[in-house]
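Peer 1: could you look at this predicted model? Sequence included:
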Amino acid sequence: MTLIRWDPFTALARLDSDFDDLVRRTWGSGSQVSGYVPAVDIVRDGGDVVITLELPGIDVDKDVEIEVAPQRLTISGERSSESETTEGGYVVREMRSGSFRREFALPEHVTADDVEAGYDKGLLTIRVHGVTRPQPEATRIAVTAAPAAEEAAEA
């Protein structure tokens, strides 16, 4: 019988990707006023899980909230940006705005003290410490020989 180890974060990443695809197929992609779904990358780093969201052009200090509730990590915020270019006598303005919300399940033992976040070059990186506990290594057990049947009979 083959033993296959189930990794909940692989399943979570697949579910998250499938949900993103469903949202994009339903409401479209690109710049829309109705909302914004940032792309997410989830990887395991030892016992930690690192979640990276693409949030270019967002002021994370005032437009992003990260909350940890029992068994739930929620990242939400508001995106608004405006750009203007002039080419060949034409002015092109592009405005993108919308709110976003991403939620992730956490194990029972993870608290807000286990979560840290940083933002650099348009990427919000959240590290959740101690999500997966290390598997104990195999320990060899010494086998002691039982007394011989003759020694048992003499006693």
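Peer 2: Alright, I've got the coordinates. Residues are numbered from 1 along each chain as shown.

Peer 1: is it fair to say Arg14 lies in a helix?
Peer 2: Yes - assigned with DSSP: H, G, I helix; E, B strand; the rest coil, Arg14 falls within a helix.

Peer 1: and for it, the neighbour number?
Peer 2: 11 (other C-beta atoms under 10 Å). C-beta coordinates here come from the backbone N, C-alpha and C atoms, glycine included.

Peer 1: who does the residue positioned nearest the centre of the chain bridge with?
Peer 2: Nearest to the mean C-alpha position of the chain, by C-alpha atoms, centre = their mean, lies Ile51 at 3.5 Å. Taking DSSP bridges as the rule, Ile51 bridges to Ile42, Ile126.

Peer 1: OK, contacts around it?
Peer 2: Val40, Asp41, Ile42, Leu73, Ile75, Phe104, Thr125, Ile126, Arg127, Val128 (C-beta atoms under 8 Å, 6 or more residues apart in numbering).
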